[in-house]
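> coords below, sequence missing:
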């Protein structure tokens, strides 16, 4: 359903009877765009941010446990889930997503936030948290990174490491049909059933709705330090060196995309004990899909240790 010449909105019926997703929708308008989010429970907010090309459905297995500890809030980034979509790849930028998150947090007047991030949720969420530490009480960092372009040194080695991602960037941009559920399923270690695939395809009735999903890979500053997104991620790494709150790091054992990135956070964030980093066994890139209940239990146990 077209809302205007520049905004698309997925019909509500696409989201009916999704496996395991019975949460009431909530909406907020930001700069003329409708943002969807779910909120369950009471207490200090636990803000869960999804990545590419998923939506808040990714957190459905974690919400029942997390809501026993606080108010779980899981939004859909613009271009994903039940939030509005923009029609062109060029409509999307790191700044757009960062500003949307900022206004979302401001409008809900969130404070004492526990931020739970994975994939692009990490790039955007950690960049925002690093700029506004006073709004947060803790970070849960999962299968993500903060790339900010190639460093000085062996460029050939760095390019070789970046090549698979460069191939993914071009695939996401140019493939005639971007099969979202297939991408999610390929990033899971546990078999994804057809009804779950249906849920990941639900936000995208046709290719015109997928510009946001095609854009996200292009916004990763994997090569050049002059990439517009690198300003945010490089700044985040600098500011996280003064991060004052507790941090829980959980990475899965079967994710080739972010393998080893946990060492970055162990290194740059003060007070992080590498012996406390948790490896989620038998989980792929989308570890919330594979082991959501286990992850939520780890988060609750960690929160109870200092709350």
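It's in. Treat the numbers as computed from the prediction; the structure is a model and nothing was measured.
> strands of the chain, residue ranges please.
26-30, 33-40, 45-49, 71-75, 113-118, 136-142, 247-252, 278-280 (DSSP state E).
> is it possible to get CSV of the ones you listed that adds distance to residue 212, mean pLDDT and mean neighbour count?
(Glycine included, C-beta is placed from N, CA and C.) Shown next, in CSV, are the strands of the chain (distance: least, CB to CB, whole Å; pLDDT from 0 to 100; neighbours: other CB atoms under 10 Å):
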stretch, distance to residue 212, mean pLDDT, mean neighbour count
strand 26-30, 15, 98, 14
strand 33-40, 11, 98, 20
strand 45-49, 14, 98, 27
strand 71-75, 14, 98, 25
strand 113-118, 17, 98, 26
strand 136-142, 21, 98, 24
strand 247-252, 25, 98, 23
strand 278-280, 27, 98, 17
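> of all the ones you listed, which lies closest to residue 195?
Counting by CB to CB, residue 195 lies closest to strand 33-40 out of the strands of the chain; the figure is 19.1 Å.
> who's in contact with that closest one?
7, 9, 23-29, 56, 63, 67, 71-76, 78, 81-84, 86, 100, 104 (CB atoms under 8 Å, 6 or more residues apart in numbering).
> and residue 189, which of the strands of the chain is closest to it?
Of the strands of the chain, nearest to residue 189 by CB to CB is strand 247-252, at 7.4 Å.
> re earlier: quick one, which of the strands of the chain gets closest to residue 172.
Per CB to CB, nearest to residue 172 of those: strand 113-118, 17.9 Å.
> for residue 105, what are its contacts?
Residue 105 neighbours (CB under 8 Å, 6+ apart): 47, 113, 128, 135.
> residue closest to the middle of the chain?
For the chain, the residue nearest the mean C-alpha position is residue 121 (2.4 Å; CA atoms, centre = their mean).
> got a list of what that residue touches?
Taking CB under 8 Å, 6+ apart, one finds 48, 49, 50, 51, 144 in contact with residue 121.
> any chance of those residues in TSV with distance to residue 236 as columns?
Below are the contacts of residue 121 laid out as TSV (distance: CB to CB, whole Å):
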residue	distance to residue 236
48	19
49	14
50	18
51	16
144	11
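> closest to residue 305 out of these?
Using CB to CB, residue 48 comes nearest to residue 305 of these, at 19.6 Å.
> residue 282 versus the closest one, what's the distance?
Relative to residue 282, residue 48 is positioned 21 Å away (CB to CB, to the nearest Å).
> can you check residue 295 too?
To residue 282, residue 295 is 12 Å away according to CB to CB.
> more neighbours: which of those two?
residue 295 (27 against 13; other CB atoms under 10 Å).
> how close does the more buried one get to residue 198?
Distance of residue 295 to residue 198, given as CB to CB: 23 Å.
> quick one: the helices in the stretch 151-300 of the chain, in order.
Ranges of helices within the stretch 151-300 of the chain are 155-174, 180-186, 194-201, 211-218, 230-240, 262-268, 287-304, based on DSSP state H, counting those that start in this stretch.
> so what's residue 274 closest to, chain neighbours aside?
The shortest distance from residue 274 to any non-neighbouring residue, by CB to CB, 6 or more residues apart in numbering, is to residue 266 (4.6 Å).
> now the helices of the stretch 151-300 of the chain as CSV including distance to residue 35 and mean pLDDT?
As requested, the helices of the stretch 151-300 of the chain are exported to CSV (distance: least, CB to CB, whole Å; pLDDT from 0 to 100):
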stretch, distance to residue 35, mean pLDDT
helix 155-174, 23, 73
helix 180-186, 19, 97
helix 194-201, 19, 98
helix 211-218, 13, 96
helix 230-240, 20, 96
helix 262-268, 28, 97
helix 287-304, 20, 98
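> distance check, the residue lying closest to residue 66 once chain neighbours are set aside against residue 137.
Distances taken as CB to CB, 6+ apart place residue 72 nearest to residue 66, at 4.7 Å, with adjacent residues excluded. Note on residue 72: its distance to residue 137, by CB to CB, is 15 Å.
> could you do residue 245 as well?
Using CB to CB, residue 245 is found at 6 Å from residue 137.
> from the contacts of residue 121, which is closest to residue 183?
Out of those, the member with the shortest distance to residue 183 (by CB to CB) is residue 51, at 11.1 Å.
> count of neighbours near the residue nearest to residue 274?
Other residues lying near residue 266 total 17 when counted by other CB under 10 Å.
> that one: what's it in contact with?
Contact analysis of residue 266 by CB under 8 Å, 6+ apart lists 249, 272, 274, 277.
> show me the shaky parts of the stretch 1-150 of the chain.
Filtered on pLDDT under 70, the stretch 1-150 of the chain yields the residue ranges 1-5, 150.
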